[in-house]
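> Model the following, please.
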Amino acid sequence: MTDRYTHTQRGRIHLVLVGVTLLLVAIAIPRANVEPGLAGACFAIGALFLALASSFAHLTIEEREHDVRAGYGPLRVFSRRVPFTEILSARPARSALVDGFGIHWVPGRGWTMNLWGRSCVELELTRGRTLRLGTDEAERLAEVIRARISPAAAG
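Sure, this is the predicted structure:
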């Protein structure tokens, strides 16, 4: 069995979410006895932001036997798997500012999964779909994916 490609890119967006959580807790604690409804709402929203922070601390892209998988973590709630049979081409690219950070669908551009920076691998998929996977190893990831799809379609 050969070594398969796995790379984890760390981001900083989760730090903003943790900061918002701390702010909400700081608002809630002094108001817990006076305004329990407001304090409860702050704690609940803070818990949601903490869960999101745990979901978007890093993005791991893995080459597996039959597909490539991109998943945020360490709390693995958001992930996507694409069978190699659905990939027509893979090329290093730059995501546009309109693509933002996180998971986004933009009309005419397709899906983007990224965490930090604009470097990505653009996958042309069957049925006219596009997926951009954000990575700080765009050249290497594109090379790995092209090696796994049919040579005639490797683009």
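
> CA only for contacts and neighbour counts going forward, please
Fine.

> And the helices in this structure?
In chain order, the chain shows helices spanning 13-31, 36-55, 138-148, with DSSP state H as the criterion.

> who touches stretch 44-59?
Applying Cα atoms under 8 Å, 6 or more residues apart in numbering, the contact partners of stretch 44-59 are 8-15, 17-18, 20-22, 24-25, 70-78, 102, 114-115.

> which stretches of the chain aren't confidently modelled?
Residues of the chain that meet the criterion pLDDT under 70 lie in 1-2, 150-155.

> switch to 80 and redo it
Segments of the chain classed as low confidence (criterion: pLDDT under 80) are 1-2, 98-101, 150-155.

> Can you get me a residue count around residue 128?
Residue 128: 8 surrounding residues under other Cα atoms under 10 Å.

> how close does it get to residue 88?
Counting by Cα to Cα, to the nearest Å, the gap between residue 128 and residue 88 amounts to 10 Å.

> do residue 22 as well
Summarising the geometry, the distance separating residue 22 from residue 88, computed by Cα to Cα, is 45 Å.

> Could you give the number of residues near residue 23?
Applying the criterion other Cα under 10 Å, we find 13 residues in the vicinity of residue 23.

> related to what we said a few turns ago, now, of the contacts of stretch 44-59, which are buried?
In terms of neighbour count (16 or more other Cα atoms under 10 Å), the buried residues within the contacts of stretch 44-59 are 8-11, 13-14, 17-18, 20-22, 24-25, 70-73, 102, 114-115.

> In stretch 126-138, which residues are buried?
Taking 16+ other Cα under 10 Å as the basis for neighbour counts, the residues of stretch 126-138 that come out buried are 130, 131, 132, 133, 134, 135, 136, 138.

> Tell me which of the residues you listed fall in strands.
Among those, the ones falling in strands (DSSP state E) are 130, 131, 132, 133, 134.

> Let me see the contact set for residue 67.
Taking Cα under 8 Å, 6+ apart as the criterion, residue 67 is in contact with 81, 82, 83, 84.

> can you do 6 Å?
Counting by Cα atoms under 6 Å, 6 or more residues apart in numbering, residue 67 makes contact with 82, 83, 84.

> Most neighbours among those residues, which one is it?
Ranked by neighbour count under the definition other Cα under 10 Å, these are headed by residue 84 with 20 neighbours.

> which strand residues sit across from the nearest residue to that one once chain neighbours are set aside in the sheet?
Excluding its sequence neighbours, the residue lying closest to residue 84 (Cα to Cα, 6 or more residues apart in numbering) is residue 67, at 5.0 Å. Listed beta-bridge partners, residue 67: residue 83 (assigned using DSSP bridges).
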